[in-house]
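Asks: build me a model:
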Amino acid sequence: MLLRHVSLLLLLFSVKAYAYEFPVEIFEYIDDTRVVAFIAQEDINESRRWQPFKEALPLAIDEAVKAVKQHIDADPRLSNIALLEVELRQIPRFEQHWHYLVKVKADIEGERRNQYFVVLMNGKIIPAIREPQSTK
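Replies: Numbers count the residues shown, from 1 in each chain. Next comes the predicted model:
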């Protein structure tokens, strides 16, 4: 009887463990800087698809920049923002899913630093982080 209960508990816990979905890692290079973003599979699925040369972009570049500005304005730690670069990229391994990679410079707690953002085609903002330099 005890063995049956232990088996049932083990089964319940293992089902919960398999239910967790790991985020999709996107590694990008922008100006010789490697950045990484972790995007939930659900967010990719909810973003709009795009077929180049067949249809217009679902999110224009000015809309993507505006979404990043609104995201930054909501963060009191960031100020004095300057847009440095915007690139359109396909999400690796996800056909017809694209994103913008946006690089800005901002004052963060008194220090001027670059910040990176991924903007999905539905306007969702995902902060990206600069990968630390290896010490080889």
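Asks: low-confidence ranges, this structure, go.
Replies: 1-20, 133-136 (pLDDT under 70).
Asks: where along it do the helices fall?
Replies: Here the chain has its helices, by DSSP state H, at 2-19, 41-46, 61-73.
Asks: pretty sure residue 65 contacts residue 117?
Replies: No - applying Cβ atoms under 8 Å, one finds residue 65 not in contact with residue 117, separated by 10.0 Å. The C-beta positions use only the backbone N, C-alpha and C, and glycine is treated the same way.
Asks: next, count neighbours for residue 130.
Replies: 14 (other Cβ atoms under 10 Å).
Asks: that one pairs with what?
Replies: residue 35 (DSSP bridges).
Asks: list the contacts of it.
Replies: Counting by Cβ atoms under 8 Å, 6 or more residues apart in numbering, residue 130 touches 33, 34, 35, 114, 116.
Asks: residue 81 too?
Replies: With contact taken as Cβ under 8 Å, 6+ apart, residue 81 is in contact with 69, 72, 104, 105, 106.
Asks: gap between it and residue 112?
Replies: 11 Å (Cβ to Cβ, to the nearest Å).
Asks: likewise residue 100?
Replies: Counting by Cβ to Cβ, the gap from residue 100 to residue 112 is 23 Å.
Asks: same thing with residue 66?
Replies: Taking Cβ to Cβ, one finds residue 66 at 23 Å from residue 112.
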